[in-house]
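Participant: Coordinates only, no sequence provided:
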């Protein structure tokens, strides 16, 4: 029920067409952990989605892709979307067992440094770093991969890892006369 509650709160918008649904088995044994117990599959292609995945973070917008419920697992592939103007592609989300609610999301990013600064400012990171982040300006390009581990039953226990390449970049801090 925790995952369903999270989905109900997190999914803010989206358009869905051509949903495919298959249900076969004894309802008293649902959710089915094995094919012998039964089959449950829902494939949901979507576009124009919005997701408030965790408190303190800007929502994921302009989301498109495919969400699949298969037995006890949930996954979403071929996704694209943006958070605070930072565009992410090749977003792949995996929750192998919805009963434990452990979500892992991998995504690629290729954007401008100013968009990354906006994302940092609008996320909880902006609160942690304080108002000095508002005095930072930057130019250049950022590309790489991001991995988010999000236990939906304990959202504050997330882990975020990023491997980013910054190129042709310049940063400055208002009040300092030379680039940082």
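Facilitator: Perfect, I can see it now. Predicted model, so just to flag it, every value in this text is computed and none were measured.

Participant: What about the residue lying closest to residue 53 once chain neighbours are set aside, how many residues nearby?
Facilitator: Take residue 53 and drop its neighbours on the chain: the residue closest to it by Cβ to Cβ, 6 or more residues apart in numbering is residue 10, 5.5 Å away. Where you see a C-beta, it was placed from the backbone N, CA and C, and this is true even at glycine. Counted by other Cβ atoms under 10 Å, the residues lying close to residue 10 total 16.

Participant: Please list all residues in contact with residue 10.
Facilitator: By Cβ atoms under 8 Å, 6 or more residues apart in numbering, residue 10 lies in contact with 51-53.

Participant: same question, residue 44
Facilitator: So residue 44 contacts 16, 19, 66-69 (Cβ under 8 Å, 6+ apart).

Participant: Check residue 97 too.
Facilitator: Contacts of residue 97 (Cβ under 8 Å, 6+ apart): 72-73.

Participant: From residue 17, how far out is it?
Facilitator: 28 Å (Cβ to Cβ, to the nearest Å).

Participant: which parts of the worst-scoring helix or strand of the chain on mean pLDDT are buried?
Facilitator: Ranking every helix and strand in the chain by mean pLDDT, DSSP states H and E puts helix 124-129 at the bottom, with a mean of 83. Residues of helix 124-129 classed as buried by neighbour count (16 or more other Cβ atoms under 10 Å): residue 126.

Participant: With stretch 52-62 instead?
Facilitator: Within stretch 52-62, the residues that qualify as buried by neighbour count (16+ other Cβ under 10 Å) are 53-54, 57-61.

Participant: From these, pick the one nearest residue 123.
Facilitator: If you rank those by distance to residue 123 using Cβ to Cβ, residue 57 comes first, at 5.2 Å.

Participant: now for the next helix or strand after the least confident helix or strand of the chain, which elements pack on it?
Facilitator: Tracing the chain past helix 124-129, the next element assigned as helix or strand by DSSP states H and E is strand 136-151. Packing contacts for strand 136-151, counted by 3 or more Cβ pairs under 8 Å, 6 or more residues apart in numbering; DSSP states H and E, involve strand 102-112, helix 113-122, strand 159-173.

Participant: All set now, cheers.
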